[in-house]
Structure formats: structure tokens, C-alpha cells
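> my questions concern the predicted model and sequence given below.
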Amino acid sequence: MKKNLLTLAVLVAATSWAAHAQTRPTGGTDSVRRSPGTTFGMPGATQRAQPKPYESVITNKALTRKGMITSHKVEDKFYFEIPDSILNRDILVVSRISKAGAEVRAASGYAGDDIGSRVIRFEKAPNNRVFMRKMSFRTYSADSTADMYQSLQRSNVQAIAAAFNVAAYTPSKNGSVIDMTDYLNQDNDIFFFASPMYKTRFRLGAQQSDRSYIQNVRSFPMNVEISTVKTYALTAPSASPFGGGGASPMASMVSGSNTVELNSSMVLLPKVPMKPRYFDPRVGYFTVGYTDFDQNPQGVKEVELVKRWRLEPKAADLARYKRGELVEPVKPIVFYIDPATPKKWVPYLIAGVNDWQKAFEKAGFKNAIIGKMAPTAKEDSTWSLDDARHSAIVYKPSEIPNASGPSIADPRSGEIMESHINWYHNVMKLVHDWYMIQTAAVDPRARKMTFSDELMGDLIRFVSSHEVGHTLGLRHNYGSSSTVDVEKLRDKAWVEANGHTPSIMDYARFNYVAQPEDKISKKGLYPRIGDYDLWAIEWGYKLLPGKGGAAEIAELNKMTLTAAQNPRLWFGTETNPDDPRSQNEDLSGNAMKASTYGIKNLKVILKGLPEWTRESNEGYENLSNMYGQLTTQFGRYMGHVSKNIGGIMETPKTVEQSGAVYVRTPAASQREAMAFLNENLFRTPTWMLDQAVLDQIDENPLEVVGKLQNATLNRLVSSYTILKLVSAEAADGGKAYKATDMLGDLNNYIFTELNSNQDIDVYRRNLQKMYVDKLISIVKPAPALQASAVSMGRGSSAAPRAITASSSDVISVVKGQLRELQTKLKNGSAAASGMAKYHLEDLSDRIESALDTKG
């Protein structure tokens, strides 16, 4: 359920043209079958058609929908009637996939997926034409009288994306009619895939025009919705998702073409942009951004503006607002519930919206956000989900187990214009499986495959609140749960009063730490809007004196410095791959202790699964699914702990705050993490291999254990992790948990049998092979990987640095560990017999081959 900071998102539901169309009662009988002329994509055109009388173009056969841009359908032609009043106005175009086939879904393409956004302007052009310009807001200078502004204007001419001949002028001469048919039938980057990278992602090639068409166009007072069907050649995967080089096995099963339904929304942006608020990395908001040439007199500044709704007090209430009284906003945020939503879930969805009212009270507004049922056709025949004046939670009868909260935002100011939350029917399976596998040990209501309506309603309410939070501008706060002491999660009075995480925007899910003897009620198990959420809304929506933007930075910084004194108001970004405090699906500030409690509960749940998943006249699919959920949850615990190894904690600060921004995880915590992994993972977790369960499902116990161990070793035994430990030694010296410490611990833990002359069972042999192979892959990487240098930077997006695995101590320390290990293997094999002897000799041979410089 994650978003790029600069992404502008929108989702609209499709309805048929006929639902909005009306027959235009104009004179004339001739229908226009050919375009009066467009100049885009027509090289060599020597003359342009002249405008025709309005009635001969927009005939009495026209299906017309009035709105921001009145649209007409005349037989197979689609016309836009552009009034002079919106010429040179900024129009945001956001495109999404409405429907996708299995081939696109296999490449991570689903209904609702964003495929790009643009801002355009229509303007009159010479010779009876209309230009459509593609606008960019990446550079900015506010003072239109300054030399810098004029220079930027000369250096940033906005591209003309298309030029249209005027087919006719409106009878009142205050509008121009243009034929959009050919342009919408083309595969252009304005209304469809905004960048080739989107098509590459979905493995779509050239458009097949004979199988592509315009489905319908719908006009509303501030938006136009364009639905098209596009068929593209289907390209082969660029790389195998199963690892290694070459094409995926899927490639042989896919050929030909694929058809998608696309929706493009044109939304009229305000004439006067909202006062912006500058992003602060200490408070998690989605953003839009640009390069500012005004703020830095000796350079430029990259500016990010937070995405938020325009909430303002009524003029008559402004004085009361300034006195600190709660007032209602001029225009509250209203979310309508899709009429297609099953009626029994509607109250819970509405409650999820209204739960945010208390947060807006911190910003000085009452009744600022309201959830309500959408009017029926009988109540209001003009109401539509597609109307950009209406935000909604849209119910989708889909097998996708998810929900998402995108929004349309003005790139000039960050103002959120509207939002359509995607509510997929199968999200109920998602929350069912989460709740059973995390709380069934302590909540008897979770011990069945079909929850009561009350329990499922509660879970729907939580997901609704989370997604609404996204539409208010809030990003995930993965660090919130780390501010809670693990033992507090077992304190009935405390956790029921405060919740198990201070933010519903965390991916903290449910309180899996609580033990059966704690007798904690649902109040201490569910997520809720918490202290961080209240603070974040106050920071984003409280009106401050001044002009907004840079003028209020100092005041906001004062507020944030005060908030920083309260750990529960901390924001831990979802984008940091190294901070063990910022993780999804985790609880507390100590993953080792929390996961120990979690595993205790998993052992209880595993024993109950055969009975709890049983349904009359059904097979064992439920048991298989929930066993997979259980092993996945166990794997999450291993991931939470592993992130402590080589961890780098990031706490963004301004210069007014003391202390370091980046701090390495204490060596003691890293040793604690390694000991936990040895106890719970490297020592075969035989408790998980319950034969009463495995006898009923298609699971190979070796694969169950091997997948879990392999995932953890992938993180630990990597050039990236080892390089971080080498860097930690350079910074902290003897206090650091060094690369030699980690690899030495792994050698001892994974090859315990060599120190005690014990037999090596098949699970341990597999683990040892995996470990040695990962060490070898660093020393002797596969050819496809040799060109990739590991960076010292944090995360995959970091730019390459001078110090890489090959130029640092990484190769040296790994080779050293392999040599030491080879000596132990040779000694061990001499005393071993049977499979253990063959195994140890094989590992010794692998190491010898890897270290052979002649090979």
C-alpha cells in the first residue's frame, strides 16, 4: 500500500456514455464523418480545413455532455468544445489503468494503477487553430517583475504537445470546437502512458490501432473523464523474476498482444493556487516539488510542497479561529460511500472517515471531514462518482486483496483536489488472515474462517481510517511503533488506553506481542488514530499567519522542535532500508523481544489451525493458506531482527537540534539479534514442522525451512551489509560490531557440529550449503553480477561511490572466513562418516574452487 513522494494520483470509476448523454436539439442534418483537420502527426499537410458552421459539425445526432469542456459524440467522432474562459488555464491530466488482463497483472499492473500525470493548457493559435501545451513546474521564480523570472521564461518554453484545427466556433463566438478523435486514438504521452518506463513495466509494446478505440467521454463541471481501450503488442520479460539471467519461464507462455482499458481525467486547477506548505522530513507527507530560483541568491533550492486539502475558516469565523475556538471550514472534506458497497459495511467505512474529525480539531476545525452515503439516483439523478467535485470510497468487486488511497493534487501548490479510495472486495481476506495469524492466540473471535460481521466491520473501519489518512496527505510512518516499549504491549491498562502504536499510518497491524494470560481486549489489539496522527494533521492543516510557503517555515520549525521532545510524535520514513526502527509489520523498539513473544503465539496458533480452518464439505485449502500465512509471519519476525545487523538509524534534524542524524545500531543490539537468529532460525525450527498439518497440505518441510533461512542469509551475507559493517569499524573502531564479528558468529552458529563432533542432519546440511554458496557468490559472483559494484550509499537509489565491495575489505574478510572454514571442514570430514562426510568434502571442494586464482 506504498507511494512515490512526487506522484500525483487519481482514480475514477467508469460509467457508460449513455448514462450521461443527451441528444443535442440543434438544427442541421449532416453528420461529420471526417475530421475537419488536425495538424499533429500529419507531416506534409499543405493546407488546413477552415472552420465550418457550428450546426454542420455538431449536428442533431450529437450526444452531448456539458461541463468544464463540453463534449460531443457525433457518430464515431469525439469533439471538445473549449470555452474561452478556460484558455490558458492549467488542467491536470492523470491517467490510470481501469481494467487489465492477466498478462499485465503478472507484471504488477492492476486496475487503478497510475500510469502518469501531466499539466496542459489550451490556447488560441494563428490560422484558426488551438494549441495544447505540456506544462512543466519543475522550475519556479515567484516575482514576475524580476530578471530571474524573465530569464526562466526564456529558458523554459512550454512544449506544444498538439495543434488542432478549429472545426467550428460556438454560436456565441466564445468557444472553439476541436476534433479530438485522432489524437485520443493515438498512443500519446498526454492522455495515456506518460513515460516509456510504464509500458516497459507492464511489458507493452507498440499500440495496435486496429484494436484500439475510444470507449466514452464524460464531462463534469470541473473535470472530463476519457475512457479508452488500447491494445498493445506484448513484449517478453526483460529479465527473469526467478533469479539469474535469461528470460523468465513465463516468456514462453506469453506472446501476441494485450488489451487494457485506460481512464484519463482532466481536472481544472484553481485560478489562484492555495498557499503552499513546505515539506519537513520530520513529518510524513506526500509532496509535489520544483526547483526554486528565488530562495537561494547564490544557487537554487529543491522545494517540496506537502499535499493537503484547502481548509479555511469562513470569513465570519476568522477571528474566532485566531482565538483558538473550533470553527467549521468553508468547504469540509466529504467522502461518499459508493452505492455498490454492501450495506452492512457502510457504517464501518463511514466511521473510518469520521474518526479523523478529532485530528482536525487539533488544527482548529470541527466537522472538517465527513463520511456519508452517496445519494441514490432517485435522490439526485445528476450525482456521479466520476464528478471531480466528489471524493469517494469506491467499492470494487475484485479478487485483489488490497485497498489504496490515491488523490489528485495541484502540482503548483500541493492542494488535493479530490480522491477516490479503492476498496477491493477481497481486502476482507487480507485482514482476516492478518488478524487470525496475529491474534488468534489471545482473541477467540479470530479462530474461524468466517468472522462475525462485528469483527470484520471493526477491521474494515481500521483499513478505512488508514486509507483516508493517505488521502489527507499522510505517508506511512513505519517508525511509530518503535517508540513503544515491548512490555507496554502486554500491560492491559496501558495498551488499551494508548494503543499499540501512536500512528494508524504505521504498518503495525495488530498486537501480536500480547499473550493469552494478559487478557487484553480488542482495544489493545486494534490500530487506531493516535498521538502522531493528531500532531501530523495539526502540523499540516493549522492556519498560520503570513503568505504560506517560505514565510511560515520558522513557525513550523518551532512547532516541530517542541514535538520532537515527545518520542511518540516521531516519524520514521518507509523509504529507509537501514533503520531497524522503521519497518513495516513490526512492533516495539526491540524486535528480538517482540518476535520472541510473537513466536510463542504462533506455536499456539499452529496447534489450533487444523480445527480453526475446518469447514464442512471442504478440503484443506484453508489449512494450507493459513499455514502459509503463519510461516510468512515467522519470516517477518526474522526480517525485523535481521535489519538490526549493520543498522543505521536516521533521525532528520535541523541545526537547532542536538545530536547526530545518523547513528549506527549499538553493537550489543546486533549481537542480541545474531543470538536470536541462531536460537530461532539457524537451529532448525522443528516446532513449525507439525506433521499433523503437513500431512494434509502440499508442503515440503525442507523447503519451508530453507526459504526462511535463505531469505535471512540473503540479507546478512551480502556485500551491502558487510560493507556497512566495514564502514562502522572505520567510524567506531573497537566499539563497532565488525564484519569479522558477524561472519565469525555465523560460522560458529551454522557449523556448530564441527566444534562438537555432532552428526549433521539434512536441515543443517542445507543451511550450511546455502551459507557457503552465499560467501562464494561474493568472492566469485555470477557473470551478470560482476559489473554491479555495491555502493556505500544507503539504499538502492544511492549513487555509486568510490568505495565498493571489490575495493574495500569486503572481499578480503570473506576470503579469510572461507579459508578458516575450509580448514575446519577438512578436519571435520576426516572424523565424519556417511552423508555428513560427503557433505563436508563437497563444501571444502566448493571453497577450494572459489579461491582458486587459476580458475
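Yes, it's here. Worth saying up front: this structure is predicted, and the values here are computed from it rather than measured. Numbers count the residues shown, from 1 in each chain.

> return the distance of stretch 625-633 from the chain's centre.
Mean C-alpha position of stretch 625-633 versus that of the full chain (C-alpha atoms, centre = their mean, to the nearest Å) differs by 23 Å.

> in that stretch, what's buried?
Neighbour counts using 16 or more other C-beta atoms under 10 Å place 626-627, 629-631, 633 of stretch 625-633 among the buried residues. C-betas here are computed from N, CA, C, even on glycine.

> contacts made by that stretch with the rest, please.
Applying C-beta atoms under 8 Å, 6 or more residues apart in numbering, the external contacts of stretch 625-633 come out as 433, 436-438, 512, 598, 602, 605-606, 609, 612-613, 688, 693, 697, 699, 704, 707-708.

> show the buried residues in those residues.
Among the contacts of stretch 625-633, those that count as buried by neighbour count (16+ other C-beta under 10 Å) are 433, 436-438, 512, 598, 602, 605-606, 609, 612-613, 688, 693, 697, 699, 704, 708.

> among those residues, name the ones in strands.
Secondary structure from DSSP state E places none of the buried ones among the contacts of stretch 625-633 in strands.

> quick revisit: output the buried residues of stretch 625-633 as TSV; include the columns pLDDT, secondary structure and distance to residue 75.
Rendered in TSV, the data for these read as follows (pLDDT from 0 to 100; DSSP: H, G, I helix; E, B strand; the rest coil; distance: C-beta to C-beta, whole Å):
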residue	pLDDT	secondary structure	distance to residue 75
626	97	helix	56
627	97	helix	58
629	97	helix	54
630	98	helix	59
631	97	helix	59
633	98	helix	58
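
> could you list the low-pLDDT ranges of this protein?
Applying pLDDT under 70 to the chain picks out residues 1-48, 100-113, 138-157, 237-255, 291-300, 784-805, 807, 855.

> how is it partitioned into domains?
Under automatic domain parsing, the residue ranges defining each domain of the chain are 20-269, 272-379+389-601.

> deepest of the ones you listed, which one?
Burial of these is given as mean neighbour count (mean count of other C-beta atoms under 10 Å); domain 272-379+389-601 ranks first at a mean of 20.

> what about that one, start to end distance?
The first and last residues of domain 272-379+389-601 sit 56 Å apart, counting by C-alpha to C-alpha, to the nearest Å.

> adjust the sequence numbering to begin at 40 for everything that follows.
Renumbered: residue one is now 40, and that last one reads domain 311-418+428-640.

> what ranges do the strands span in the stretch 240-389 of the chain?
Taking DSSP state E, counting those that start in this stretch, the strands of the stretch 240-389 of the chain run over residues 243-246, 252-258, 262-273, 296-307, 326-331, 340-345, 372-376.

> make CSV from the ones you listed and add distance to residue 885 to it.
Converted to CSV, the strands of the stretch 240-389 of the chain look like this (distance: least, C-beta to C-beta, whole Å):
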stretch, distance to residue 885
strand 243-246, 42
strand 252-258, 59
strand 262-273, 41
strand 296-307, 43
strand 326-331, 49
strand 340-345, 49
strand 372-376, 59
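
> nearest to residue 535, out of the ones you listed?
Shortest distance between residue 535 and the strands of the stretch 240-389 of the chain, using C-beta to C-beta, is found for strand 372-376: 28.5 Å.

> CA atoms only: put stretch 526-535 into CSV for me.
Below are the C-alpha coordinates for stretch 526-535, written out as CSV (Å, rounded to 0.1, in the frame of the first residue of the first chain):
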residue,chain,number,x,y,z
GLU,A,526,6.4,-4.7,27.8
LYS,A,527,3.9,-1.9,27.5
LEU,A,528,2.2,-4.0,24.8
ARG,A,529,1.4,-6.6,27.5
ASP,A,530,0.2,-4.1,30.0
LYS,A,531,-3.6,-4.3,29.7
ALA,A,532,-4.4,-0.9,31.2
TRP,A,533,-1.7,0.9,29.3
VAL,A,534,-2.2,-0.6,25.8
GLU,A,535,-5.9,-0.3,26.0
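
> quick one on the thing from earlier: which one of the strands of the stretch 240-389 of the chain lies closest to residue 875?
Proximity to residue 875 (C-beta to C-beta) singles out strand 262-273 among the strands of the stretch 240-389 of the chain, at 50.1 Å.

> packing partners of the closest one?
In this structure, strand 262-273 makes packing contacts with strand 243-246, strand 252-258, strand 296-307, judged by 3 or more C-beta pairs under 8 Å, 6 or more residues apart in numbering; DSSP states H and E.

> now the second one and strand 296-307, what's the angle there?
Taking axes from the mean of the first three to the mean of the last three C-alpha atoms, to 10 degrees, strand 252-258 and strand 296-307 form an angle of 20 degrees between their directions.

> give the pairing partners of strand 252-258; include direction for each.
According to DSSP bridges, strand 252-258 has the following sheet partners: strand 262-273 (antiparallel).

> wait, what's in contact with residue 372?
The contact partners of residue 372, by C-beta under 8 Å, 6+ apart, come to 348, 350, 407-409, 430, 511.

> so residue 554 makes contact with residue 642?
No. Residue 554 sits out of contact with residue 642 when judged by C-beta atoms under 8 Å, with a separation of 11.6 Å.

> where's residue 599, which helix or strand?
Residue 599 is part of helix 592-602 when elements are defined by DSSP states H and E.

> CA atoms of that helix as PDB?
Coordinates of each C-alpha in helix 592-602 appear next as PDB, following Å, rounded to 0.1, in the frame of the first residue of the first chain:
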ATOM      1  CA  ILE A 592       9.000  27.800   7.800                       C
ATOM      2  CA  ALA A 593      10.300  29.300  11.000                       C
ATOM      3  CA  GLU A 594       7.000  29.000  12.800                       C
ATOM      4  CA  LEU A 595       6.500  25.400  11.700                       C
ATOM      5  CA  ASN A 596      10.100  24.600  12.800                       C
ATOM      6  CA  LYS A 597       9.300  25.900  16.300                       C
ATOM      7  CA  MET A 598       6.200  23.600  16.400                       C
ATOM      8  CA  THR A 599       8.300  20.700  15.200                       C
ATOM      9  CA  LEU A 600      11.100  21.300  17.700                       C
ATOM     10  CA  THR A 601       8.600  21.200  20.500                       C
ATOM     11  CA  ALA A 602       7.000  18.000  19.200                       C
END
